[in-house]
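[1] Next come a sequence and a model predicted from it.
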Amino acid sequence: MKFLTKKRVVLFLLFIFPLICFLILSTGKNNFTKLPVLTENIIEISEIDSTKSTTLKNNVSVVCFIGNEVEASKSRLLNLNEKIYKKFIDFKQFQIIAIYPSEKEIEVTELKKQIAAFTDMKNWKFIPVQKELIPVFYESLSVNEPLQNYGSSKAFIIDKDGNLRGRTDDKDAIDGKLFGYNMNAVAELKDKLKDDINVLYYEYYAAFKDKNKNKADRKEVGL
């Protein structure tokens, strides 16, 4: 029993035990929680973007709808900028897409200036869309609440394959399904949207790691 001194027990708990846990977890395949797909194959944003300057394909996108009430959307987008955009601005293929009615160009230009005062706008994509096409794109998300004046208080995660991601077991949703994240609620942006984007990126990282491992395995056996 002399071997199990208090000092050695403390060292084990602090250093050895966490390392063992990490090795067990890292050797498992697909042992992490994937972010559920709620809607597959939504409309490609380039189909409603007259400038054809933005695409969902091969990007992790957070999509929001400004609507007719641009001033009312200001605080929501500032929250999104502060709590999400700044956290992921340097992540590969990350973008925030803000869709708005094309006739609101003047108001949105002013809104962009106000956001730009706080951050680099390189991954912000403001997309003017003909008003009648906005509901068409929105309906392809198959979410559980309608647009209000072509806008929404929710932000939506679209993966690299054009699928809507979200939660199927959210404790705050009536049926457990969380399609979008409330931009008015800073806590929801920090505790849910941020976490779920991280889960999606880790999913891609793990898939990339497995792909490279499989290539290495095939080389070893001469395939």
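    Done, it's in.
[2] Who's the closest spatial neighbour of Pro101, skipping the chain neighbours?
    Lys131 (4.6 Å; C-beta to C-beta, 6 or more residues apart in numbering). (Glycine included, C-beta is placed from N, CA and C.)
[3] make that Lys52, sorry
    Per C-beta to C-beta, 6+ apart, closest to Lys52 is Ser46, 5.4 Å.
[4] so where's this protein shaky on pLDDT?
    Counting by pLDDT under 70, the ranges of the chain that qualify are 1-32, 210-223.
[5] The residue nearest to Lys52 - that's part of a strand, no?
    No: counting by DSSP: H, G, I helix; E, B strand; the rest coil, Ser46 is located in no strand; its state is helix.
[6] Now do the strands in this protein.
    Per DSSP state E, the chain carries strands over the ranges 37-39, 60-66, 94-101, 124-129, 151-158, 164-165, 181-182.
[7] Tell me the strands beside the second one, with direction?
    Which is strand 60-66. strand 94-101 (parallel), strand 151-158 (antiparallel) (DSSP bridges).
[8] Distance to Ala173 added to those, as JSON lines?
    As requested, the strands paired with strand 60-66 are arranged in JSON lines below (distance: least, C-beta to C-beta, whole Å):
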{"stretch": "strand 94-101", "distance to Ala173": "23"}
{"stretch": "strand 151-158", "distance to Ala173": "12"}
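[9] Thr39: which of the ones you listed is closest?
    Closest to Thr39 of the strands paired with strand 60-66 is strand 151-158 (C-beta to C-beta; 9.3 Å).
[10] isn't Asn41 right up against Gly162?
    Yes: using C-beta atoms under 8 Å, Asn41 is in contact with Gly162, at 5.7 Å.
[11] Please say which of these two ends up with more neighbours.
    Taking neighbours as other C-beta atoms under 10 Å, Asn41 and Gly162 compare with Gly162 leading, 20 against 11.
[12] Not counting its neighbours along the chain, what's nearest the more buried one?
    Leu56 is the one closest to Gly162 (C-beta to C-beta, 6+ apart), at 5.0 Å.
[13] Help me confirm that the one you found comes into contact with Asn41.
    No: contact criterion C-beta under 8 Å: Leu56 and Asn41 do not qualify, at 10.4 Å.
[14] residues shared between the contacts of the two?
    Listed as contacting both Leu56 and Asn41 by C-beta atoms under 8 Å, 6 or more residues apart in numbering are Gly162.
[15] Serialize the strands paired with strand 60-66 to CSV and add fields for mean neighbour count and distance to Asn198.
    As requested, the strands paired with strand 60-66 are exported to CSV (neighbours: other C-beta atoms under 10 Å; distance: least, C-beta to C-beta, whole Å):
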stretch, mean neighbour count, distance to Asn198
strand 94-101, 22, 11
strand 151-158, 22, 11
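[16] Distance of the residue nearest to Pro101 relative to Ile106?
    To Ile106, Lys131 is 15 Å away according to C-beta to C-beta, to the nearest Å.
[17] Pick out whichever of these two has more residues nearby.
    Neighbours were counted for Lys131 and for Ile106 using other C-beta under 10 Å; Lys131 has more, 13 against 9.
[18] Now do the helices in the protein.
    Remark: helices assigned in the chain by DSSP state H are 6-11, 17-27, 70-80, 86-88, 105-116, 134-139, 186-188, 194-220.
[19] how about the fifth one: buried residues?
    I take that to be helix 105-116. 107-108, 111, 115 (16 or more other C-beta atoms under 10 Å).
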